[in-house]
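>>> coords below, sequence missing:
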């Protein structure tokens with residue numbers, strides 16, 4: 001009887017530590033997977049930007065500073081492989097510059113009616129929606145991981161094995177609604 005009691009007292013904590021460790025590893029891997037989804041959608045946005053800039057440039061050449069700022073920030077974002085919080089900062093700058101570019105486009109009726117521009121803007125809205133969905137998925141995984149790392153007694157296991165905190169990713173979309181594509185053909 002005493003042998004069974006000793007086995008339970010020794011094995012129960014070991015089983016808890018192993019199960020908690022495995023759960024933390026799984027959550028960390030979910031975060032990495034969710035981040036790769038965000039990264040994929042951000043790359044999709046980066047691929048749209050040159051076409052959008054070129055289209056706007058054709059109508060609004062004197063808006064050179066705005067166009068150059070968007071191109072420069074795109075380069076910075078593409079090269080940024082730092083922490084999530086650092087990437088969040090550069091992405092917010094890019095979103096702000098893109099919003100300014102789209103606001104500039106509003107001043108040009110011919111551009112607003114350009115079929116290529118409207119389709120690019122529609123594709124951008126679709127991409128922004130996908131980024132936001134991936135962001136929500138990522139942030140949900142970060143929330144679950146943080147909860148596990150910060151609540152007792154799993155925080156003891158997280159601390160013992162060096163599980164590092166993860167940051168949320170909060171970037172607003174560059175554009176919220178798709179343009180009306182009812183053009184005369």
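Okay, I see it. For clarity, every value in this text was computed on a predicted model and none was experimentally measured.

>>> nearest residue to residue 148 other than its sequence neighbours?
residue 154 (5.1 Å; C-beta to C-beta, 6 or more residues apart in numbering). Yep, even glycine has a C-beta here, placed from its N, CA and C like the rest.

>>> surely that neighbour meets residue 20?
Yes - taking contacts as C-beta atoms under 8 Å, residue 154 lies within contact range of residue 20: 4.8 Å.

>>> okay, and the common contacts of these two?
residue 148 (C-beta atoms under 8 Å, 6 or more residues apart in numbering).

>>> how many neighbours does the residue nearest to residue 148 have?
By the criterion of other C-beta atoms under 10 Å, residue 154 has 20 neighbours.

>>> residues touching it, list them.
Residue 154 neighbours (C-beta under 8 Å, 6+ apart): 20, 23, 24, 148.

>>> where are the low-confidence patches of the protein?
Applying pLDDT under 70 to the chain flags residues 177-185.

>>> how about the strands in it?
With DSSP state E as the criterion, the chain has no strands.

>>> Helices along that one, start to end?
For the chain, applying DSSP state H gives helices covering 2-59, 64-79, 84-106, 109-113, 115-150, 154-160.

>>> and the angle from the third one to helix 115-150?
Spelled out, it's helix 84-106. Note on geometry: by axes from the mean of the first three to the mean of the last three C-alpha atoms, to 10 degrees, helix 84-106 and helix 115-150 are set 160 degrees apart in direction.

>>> got a list of contacts for helix 84-106?
35, 42, 49, 52-53, 56, 59-60, 63, 66-67, 69-70, 73-74, 76-77, 80-81, 111-112, 117, 121, 166-175.

>>> Make a ChimeraX selection of the buried ones in the residues you listed.
To isolate the buried ones among these in ChimeraX, judged by 16 or more other C-beta atoms under 10 Å, type:
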select :35,42,49,52,53,56,59,60,63,66,67,69,70,73,74,77,80,111,117,121,166,169,171,173,174,175
